[in-house]
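1. everything below, folded, please.
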Amino acid sequence: MELAEKYNAIAAKGARLGLIDNSQAKIEVYVTEKALDGLFYMMAEQEKAIRKHPAAAVTGLAKRVFGLL
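-> Here you go, the predicted model:
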């Protein structure tokens, strides 16, 4: 049995007991959610930086989105 299968088996028991949220019971779903959280966090940070320093918006599309054209 590989590590992911072991995690899923143990986490499923934990979810049934209410120890962890169902969204964490499958490692594939958990990792995907965390990766998306990280991606959206980085996008938000980049947007903040561009709004703070609009000259950092180097592409034409970004300049149009942030009202520089």
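2. would you map the helices across this structure?
-> 3-16, 27-52, 60-65 (DSSP state H).
3. worst mean pLDDT among those helices?
-> The stretch with the lowest mean pLDDT among these is helix 60-65, at a mean of 70.
4. grab the most central residue of the protein for me.
-> In the chain, the centroid-proximal residue (C-alpha atoms, centre = their mean) is residue 37; its distance is 1.7 Å.
5. ok, now which ones touch the closest residue to residue 7 other than its chain neighbours?
-> In space, residue 7 comes closest to residue 27 once its chain neighbours are excluded; the distance is 4.8 Å by C-beta to C-beta, 6 or more residues apart in numbering. Where C-beta positions appear, they are placed from N, C-alpha and C, glycine not excepted. Residues in contact with residue 27 (C-beta atoms under 8 Å, 6 or more residues apart in numbering) are 4, 7-8, 11.
6. just the buried ones out of those, please.
-> Buried by 16 or more other C-beta atoms under 10 Å: 7-8, 11, out of these.
7. possible to save those as JSON lines with distance to residue 33?
-> Putting the buried ones among the contacts of residue 27 into JSON lines (distance: C-beta to C-beta, whole Å) gives the following:
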{"residue": "7", "distance to residue 33": "15"}
{"residue": "8", "distance to residue 33": "15"}
{"residue": "11", "distance to residue 33": "14"}
